[in-house]
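[1] How does the following fold in three dimensions:
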Amino acid sequence: MPEPLATYQFAVSGLWRTEHRASGPDGELGVLGIRRNAWGLVVGAQWQPAKGERLLVRRDPGLLRSQFSLWTEGREWLGSSLRWHFVRREVVLHTGSRPLRMLPLPGFTRGWTLQAPRTGEMARLEFPWLGRTTRIELYRKLEFELLLFSYFLGWQIRFESAWPGPAIDQDPTTVTAPPKGAA
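    Have a look, this model is predicted:
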């Protein structure tokens, strides 16, 4: 396993309207507030950074799980997520430039891994069995907004990652670029 480029911590407080305080290598980063409707369904979230632009996460209409989109306060779309199947535990993130996917961690570790198609594991989200602090290790360059979006999605389905995920079939050290002209 390569050394992480950065490590982030998210500390959760509250029960119904949870707040997730993020800290990173540079100190306090901001607060992610989760919004629920009257029945308890998560309908969105708002990221209030220590400095910078606020972000909004909202549930997209549809019947599929983990169907959310990420927006800036100025209504600029940054990404969306979709879970294609009710039983499979894979969440696909669309960012405009490249698709990413979230898969449960192998072994009996509660958490998710964020995978890129060619470079392999980009980040690892580990949720503890006891306690309310999440650790995120970043292995490749990734925008913090997408890391935050992945955390939001992974936190909602964190209990589904308790059962071991599939073995990751791609070793990022052996990935090579396709030959020029290959489709």
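[2] Show me where this structure has its helices.
    According to DSSP state H, the chain carries its helices in the segments 144-156.
[3] what comes into contact with stretch 52-65?
    Applying Cβ atoms under 8 Å, 6 or more residues apart in numbering, the contact partners of stretch 52-65 are 30, 41-49, 67-74, 78, 80, 82-84, 86, 145, 148-149, 152, 157. Placement of C-beta: from N, CA and C, glycine included.
[4] Which members of those are classed as buried?
    Neighbour counting with 16 or more other Cβ atoms under 10 Å marks 30, 42, 44-45, 47, 49, 68-71, 78, 80, 82-83, 145, 148-149, 152, 157 as buried within those.
[5] Just the ones of those in strands?
    30, 42, 44-45, 47, 49, 68-71, 78, 80, 82 (DSSP state E).
[6] of the residues you listed, closest to M102?
    L82 (11.0 Å; Cβ to Cβ).
[7] bridging residues for P99?
    Beta-bridge pairing for P99 (DSSP bridges): H94.
[8] pLDDT score for it?
    Looking at P99, its pLDDT is 85.
[9] burial count for it?
    The tally of other residues near P99 (other Cβ atoms under 10 Å) stands at 13.
[10] ok, it - contacts?
    So P99 contacts 92-93, 117 (Cβ under 8 Å, 6+ apart).
[11] Which one (most neighbours) among those residues?
    Across the contacts of P99, the neighbour count under other Cβ under 10 Å reaches its highest value at L93, namely 22 neighbours.
[12] which residues does the spatially most central residue of the chain contact?
    In the chain, the residue lying closest to the centroid (Cα atoms, centre = their mean) is S150, at 1.1 Å. Shown in contact with S150 (Cβ under 8 Å, 6+ apart): 93, 100, 102, 112, 114, 123, 125.
[13] Is the residue nearest to L29 when sequence neighbours are not counted bridged to anything, and to what?
    Computed as Cβ to Cβ, 6 or more residues apart in numbering, the closest residue to L29 that is not its neighbour in sequence is A22, at 4.2 Å. On the basis of DSSP bridges, A22 is bridged to F10, G30.
[14] All set, thanks.
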